[in-house]
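Enquirer: based on what follows, work out the 3D shape:
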Amino acid sequence: ERSKLLRKAIYQIDGEYKESLPHKNESNDLDQELTYCKELQRVLEQDQAISEIPAVKEKLNLLKETIEDTKEYYLLSKDDQARLGYKSVDSSFFGYKTHLAMTEERIITAAVVTTGEKGDGPELPRLLEISQQNGMEVDTIIGDTAYSGKENLQLAKEQDIDIIAKLNPIISQGYRKQGNHFQYNKDAGMFVCPAGHLAI
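Expert: Numbering: from 1, shown residues only. Have a look, this model is predicted:
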């Protein structure tokens, strides 16, 4: 779509410039489309007389961003288990997450790897169990908001463990029963549905 918008911007400036551009891709094959877009970018960047015109330059920059994003996600998406996760509401990643438990001396006592969309809080029981299996006597857990969900608070109470963390919005703001499949993502500051989409 962005390659079409770029070509349209060029044709509005110079209708005959079409002959200087690479033959556009007519297939739905992603590899061929990427090859075509990169060739289109190369040709235009060699001709600053056209590529530096504001209307063209804007569309060309958008195309370059799309090429880079597509290349990154296309390579990673070949892993059918990788998922989209969030570092913040505006920053995402595609892949996996490593959840760690460590001592005050920063010695790692447990590590769990999940797909990118998984929340941090639900992994606390596994991290605690692995740490205990590794010989740790746990009396206090220090973490962020993600770890103070209802299940974790109940687990901590059963084992006489203190959890030091800001109260999870699931508790402080209420939580409908049907919403149990939604998890709070503390990095994005929002809830994430089972498909990995952010929800207010």
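Enquirer: quick one: end-to-end length of stretch 9-28, please.
Expert: This stretch, stretch 9-28, spans 23 Å end to end (CA to CA, to the nearest Å).
Enquirer: buried set for it?
Expert: Across stretch 9-28, burial judged by 16 or more other CB atoms under 10 Å covers 9, 10, 21, 25. (C-beta placed from N, C-alpha, C; glycine too.)
Enquirer: could you point out which element follows the host helix or strand of residue 60?
Expert: Following DSSP states H and E, the helix or strand that holds residue 60 is helix 54-77. Note on helix 54-77: by DSSP H and E, the next helix or strand toward the C-terminus is strand 83-88.
Enquirer: quick check: phi and psi on residue 99?
Expert: When read as degrees, to the nearest 10, the backbone of residue 99 gives phi -100, psi 130.
Enquirer: ok, it - how many residues close by?
Expert: 19 (other CB atoms under 10 Å).
Enquirer: who does it form a beta bridge with?
Expert: Legend: beta-bridge partners of residue 99 under DSSP bridges are residue 112.
Enquirer: follow-up on the earlier one: which one among the buried residues of stretch 9-28 gets closest to residue 36?
Expert: Nearest to residue 36 out of the buried residues of stretch 9-28 is residue 25 (CB to CB; 3.9 Å).
Enquirer: and the gap between the nearest residue to the closest one once chain neighbours are set aside and residue 51?
Expert: Nearest residue to residue 25, sequence neighbours excluded (CB to CB, 6 or more residues apart in numbering): residue 36, at 3.9 Å. Per CB to CB, to the nearest Å, residue 36 is found 17 Å from residue 51.
Enquirer: just residue 188 next, same as before
Expert: From residue 188 to residue 51 the distance is 36 Å (CB to CB).
Enquirer: tell me which residues in the host helix or strand of the residue nearest to residue 25 are buried?
Expert: Using DSSP H and E, the element containing residue 36 is helix 30-45. For helix 30-45, burial by neighbour count (16+ other CB under 10 Å) applies to 33, 34, 36, 37, 40, 41, 44.
Enquirer: show me what that helix is packed up against.
Expert: helix 2-13, helix 48-51, helix 54-77 (3 or more CB pairs under 8 Å, 6 or more residues apart in numbering; DSSP states H and E).
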